[in-house]
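# any chance you could fold what I've pasted below:
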Amino acid sequence: MKKLFWVFAAWCLMAQSAMAELEILVTGGIDSGRPVAVPQFKWSGAQALPEDVANVVSSDLMRSGKFSPLNRNEMPQQPNQSSEVNYSLWASMGVEALVVGNIEPAGDGQYKVSFELLDVLKGNGGNSGVLVADAKVVPAKQLRQYAHLISDIVYEQLTGERGAFLTRIAYVSVKRGQAYPYQLMVADYDGYNEKVLLRSKEPLMSPSWSPDGRKLAYVSFEKQRASIFVQDIMTQARTLISSYPGINGAPEWSPDGRRLAVVLSKDGQSEVYLIDVASRSLSRVTNNNAIDTEPSWSPDGQSVYFSSERGGKPQIYRVNLASGDTQRVTWEGDMNLSAAPSPDGKNLIVVSRVQGQYRIARQDLETGATYVLTQTSLDESPSVAPNGSMIIYSTVYQGRKGLALVSADGRFKANLPSAQGEVRAPAWSPFLN
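Now for the predicted structure:
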């Protein structure tokens, strides 16, 4: 708990605004999860509370696709601590768990937030229903981040899996007509606390997080040619990594953070290479008379997935870095692109074209079974949450390029349209520790 608290406190130093440039609009799946309830936390202060902590927690749980929080106006009571809970009332409504809490002023612009996670079944059976009870004093600007931390704790307690709400996303914002229309952005996973890392007159592409969450690699055309940079998120210092003649694209960090898989065309055809970040030494991974692109690492760092036309239409292949052995991975659909392995290595998220429609799909790597997760027509650039529960991707919403979320099982869906311009090329951060 203490370690997580200091992690989120450090990330709060980056926040410039509590407003959300991206608005999450839920489009499906909110009734398919486990029933839970998060009553409004009791506020003891005289002034208006700057953040509705309970609403943030409820929204987080809903967006995971695993929970269906009860609406406040449907709740049989509004308890703020375990001693006030009538467990039989909640059990009769099928609610499995409650998150209750209190917020009170702590002086100097700080707030004491107390919360309890309650098991309704245990409490209704006469046992203690308290699974977690904790309290922290946080500054006003960190209330939203602390709410995400509560969500992570609740998610892990109820699912056995680590929560990913206290994470961030990177993406490219395009606001045409401005002097610097291309902007590299970082925000909380839900679009709040947005920060501009770089403004450019020329296109920016393919942001990729380092495994420690401290740096982004990306492609910039600022010098009228494609170049790969690495930028420190906190200091904003950046380093040129690759600027060979031709294509310099699609950087992806290795799991150990020492290398970048990239696409270069310096020797003619676009091929996958590995660049040692410290020494800049280069090693070639693919060597085929076809376009090889879009590399991504297996979680163990032993293999690299990539898209290739070597079989005709683009499909996903995997190369073992030690042996060089290369195998085709995808077989369903007209073509498959943009492979993104799940953190456990069991699934592969891809853009699959079926009958002219580009959709996000998940392939079970053991059985080969493929599950189409989205129903829109032009989806691309999938990025998987570090716990594997959610996928963020680019899509077209109301005629504009925007972002969207889908749960790994395809049940929950939401759009994240931008308040201004277009957004594209999302990348989900690792766990921030």
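# most distant residue from the middle of this structure?
Relative to the centre of the chain, the most outlying C-alpha is that of G126, 39.5 Å out, by CA atoms, centre = their mean.
# list the contacts of that residue.
G126 makes no contacts at all, as judged by CB atoms under 8 Å, 6 or more residues apart in numbering. Heads up, the C-betas are built off the backbone N, CA and C, glycines and all.
# that's a strand at it, yeah?
No: using DSSP: H, G, I helix; E, B strand; the rest coil, the assignment for G126 is coil, not a strand.
# next up, phi/psi of it, please.
Note on G126: its backbone torsions stand at phi 90, psi 0 [degrees, to the nearest 10].
# for W331, see how far away it is.
G126 sits 55 Å away from W331, going by CB to CB, to the nearest Å.
# equivalent analysis for N102, please.
Using CB to CB, N102 is found at 55 Å from W331.
# which one of these two has more residues nearby?
Counting neighbours by other CB atoms under 10 Å for N102 and for W331 shows that N102 has the greater number, 16 against 12.
# bridging residues for that one?
Assessed by DSSP bridges, N102 has beta-bridge partners K42, S114.
# measure it to R162 for me?
Noted for N102: a distance of 26 Å to R162, by CB to CB.
# hey, where'd the strands end up in the stretch 101-250 of the chain?
In the stretch 101-250 of the chain, the strands defined using DSSP state E, counting those that start in this stretch lie at 110-119, 130-139, 168-174, 182-188, 195-200, 204-209, 215-220, 227-232, 238-242, 248-253.
# how close does the residue farthest from the centre of the chain sit to L89?
G126 sits at a distance of 15 Å from L89 (criterion: CB to CB).
# quick revisit: where does the residue farthest from the centre of the chain land on pLDDT?
Here, the pLDDT recorded for G126 equals 90.
# for A164, same thing?
Model confidence at A164, given as pLDDT, is 96.
# in the lengthiest helix in the chain, what's buried?
With secondary structure taken from DSSP state H, the chain has its longest helix at helix 143-159. Of the residues in helix 143-159, 143-155, 158 count as buried by neighbour count, 16 or more other CB atoms under 10 Å.
# and what of stretch 160-170?
Residues G163, A164, F165, L166, T167, R168, I169, A170 are the ones in stretch 160-170 that count as buried (16+ other CB under 10 Å).
# again, but for stretch 285-302
Neighbour-count burial for stretch 285-302 [16+ other CB under 10 Å]: V285, T286, I291, D292, T293, E294, P295, S296, W297, S298.
# what's the answer for stretch 111-127, then?
The neighbour-count check on stretch 111-127 (16+ other CB under 10 Å) flags Y111, V113, S114, F115, E116, L117, L118, D119, V120, G123, N124 as buried.
# mind checking pLDDT for the closest residue to the first one other than its chain neighbours?
So that's Y111. In this structure, Y111 finds its nearest non-sequential neighbour in I103, 5.5 Å apart by CB to CB, 6 or more residues apart in numbering. Per-residue confidence (pLDDT) for I103: 97.
# my guess is I103 contacts W43. True?
Yes: between I103 and W43 there is a contact under CB atoms under 8 Å: 5.2 Å.
# now do the contacts for the residue nearest to Y111.
I103 makes contact with F41, K42, W43, S44, G45, L49, V53, Y111, K112, V113, S114, according to CB under 8 Å, 6+ apart.
# again, but for L49
Listed by CB under 8 Å, 6+ apart, the contact set of L49 reads W43, I103, Y111, L143.
# W253 and T330, how far apart?
In terms of CB to CB, W253 sits 23 Å off from T330.
# also P382?
Distance from P382 to T330, counting by CB to CB: 14 Å.
# go on, D409?
According to CB to CB, D409 and T330 sit 20 Å apart.
# name the residue in these two with the higher neighbour count.
Counting neighbours by other CB under 10 Å for D409 and for T330 shows that T330 has the greater number, 23 against 14.
# dump the buried residues of stretch 285-302 to CSV, plus pLDDT, distance to N347 and secondary structure.
Compiled in CSV, the buried residues of stretch 285-302 are given as follows (pLDDT from 0 to 100; distance: CB to CB, whole Å; DSSP: H, G, I helix; E, B strand; the rest coil):
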residue, pLDDT, distance to N347, secondary structure
V285, 97, 23, coil
T286, 96, 23, coil
I291, 93, 25, coil
D292, 95, 22, strand
T293, 96, 21, strand
E294, 97, 17, strand
P295, 98, 18, strand
S296, 98, 13, strand
W297, 98, 15, strand
S298, 98, 12, coil
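# noted, bye for now.
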